[in-house]
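*Asks:* predicted model follows, preceded by the sequence.
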Amino acid sequence: MIYEKFEKLNDEKHDRIIKSVIGMDRLKFNKLAKAFASAYDEIQQERLLQGEIKQVPSGGSKGHLDTPEKKLFFVLYYLKTYPTFDLLGFHFGFSSGHAHDHLDALLPVLRRSLSDLGVLPLRTPGTPEEFAQLIDQYDDIAIDGVECACVRPQDKELQEDRYSGKKNATRSRRSPSRPCADKSFSSSASSPEASTTTPL
């Protein structure tokens, strides 16, 4: 499994590789792993009290992610490299469906652990004033956005509300007087047949 290779990396010699795989150095990883283990136990106890589970898992098969360090590495590796679930499962020894389920269960644990350490960035400011205060704290701000296709509404008013105003704004149209099909190459030098040589 990929975690075993990660464990063998030397902190000083392979620091660049470690950061490229999980996004942080080993010292930060070890510190986060302790908080991650505590957050995992807290969430399991909360699930038990809420009736989501009947008992906290203790015995039986632990699976491939049998330690807090492996669980944390799994989540960090996904967030740093964003592989498909097929590839993620391949690297960790289970199916793509199990990879999705593990990630779905462990992402809240990572959020809790980062929050407990006081390093979780605020993702959703409540008011414009809070957002303005956050902006003042940083010199450089990068906006990460992805445009996604959506189903076009059937209702005409909803269509107008969602219209971006950019449709056909930069698209160049072919002139009707000069269609591509009317291009003719009368010169024999430009034809493929003329450029080939006959064997002697």
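*Replies:* Looks like it came in fine.
*Asks:* next, count neighbours for Leu134.
*Replies:* Using other CB atoms under 10 Å, Leu134 is surrounded by 13 other residues. In this view, the C-beta of every residue, glycine as well, is placed from N, C-alpha and C.
*Asks:* wait, isn't it in contact with Leu122?
*Replies:* Yes. Between Leu134 and Leu122 there is a contact under CB atoms under 8 Å: 6.3 Å.
*Asks:* this structure: helices as residue ranges?
*Replies:* Taking DSSP state H as the test, the helices found in the chain are 2-7, 15-22, 26-49, 68-81, 85-92, 96-116, 128-136, 156-162, 192-195.
*Asks:* by mean pLDDT, show me the worst of those helices.
*Replies:* Note on the helices of the chain: lowest mean pLDDT is at helix 192-195, with a mean of 46.
*Asks:* report the contact partners of Asp139.
*Replies:* Contacts for Asp139 (CB atoms under 8 Å, 6 or more residues apart in numbering) come out as none.
*Asks:* could you measure it against Gly145, distance?
*Replies:* From Asp139 across to Gly145, the span is 21 Å (CB to CB, to the nearest Å).
*Asks:* and what of Lys70?
*Replies:* For Lys70, the distance to Gly145 equals 33 Å [CB to CB].
*Asks:* ok, Lys54 next?
*Replies:* Taking CB to CB, one finds Lys54 at 43 Å from Gly145.
*Asks:* kindly reformat the helices of the chain as TSV containing distance to Cys150.
*Replies:* TSV is the format used below for those (distance: least, CB to CB, whole Å):
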stretch	distance to Cys150
helix 2-7	36
helix 15-22	34
helix 26-49	33
helix 68-81	26
helix 85-92	23
helix 96-116	23
helix 128-136	25
helix 156-162	8
helix 192-195	46
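*Asks:* just name the most buried of the ones you listed.
*Replies:* Ranked by mean neighbour count, those are led by helix 68-81 with a mean of 20 (mean count of other CB atoms under 10 Å).
*Asks:* angle of that helix against helix 15-22?
*Replies:* 90 degrees (axes from the mean of the first three to the mean of the last three CA atoms, to 10 degrees).
*Asks:* which residues does helix 68-81 contact?
*Replies:* Under the contact criterion CB under 8 Å, 6+ apart, helix 68-81 has outside partners 2-3, 6, 20-24, 29, 32-33, 36-37, 40, 64-65, 88, 91-92, 102-103, 106-107, 109-110.
*Asks:* that helix to helix 26-49, inter-axis angle?
*Replies:* 110 degrees.
*Asks:* and for Leu117, the neighbour number?
*Replies:* Leu117 has 15 neighbouring residues, counting by other CB under 10 Å.
*Asks:* likewise the one 4 residues further on?
*Replies:* Look at Pro121: counted by other CB under 10 Å, it has 6 neighbours.
*Asks:* look at it and report its pLDDT.
*Replies:* In this model, Pro121 is scored at 74, pLDDT.
*Asks:* distance of it relative to Leu114?
*Replies:* 8 Å.
*Asks:* ditto for Lys19
*Replies:* 17 Å.
*Asks:* then Leu32?
*Replies:* Computed as CB to CB, the Leu32 to Leu114 distance reads 8 Å.
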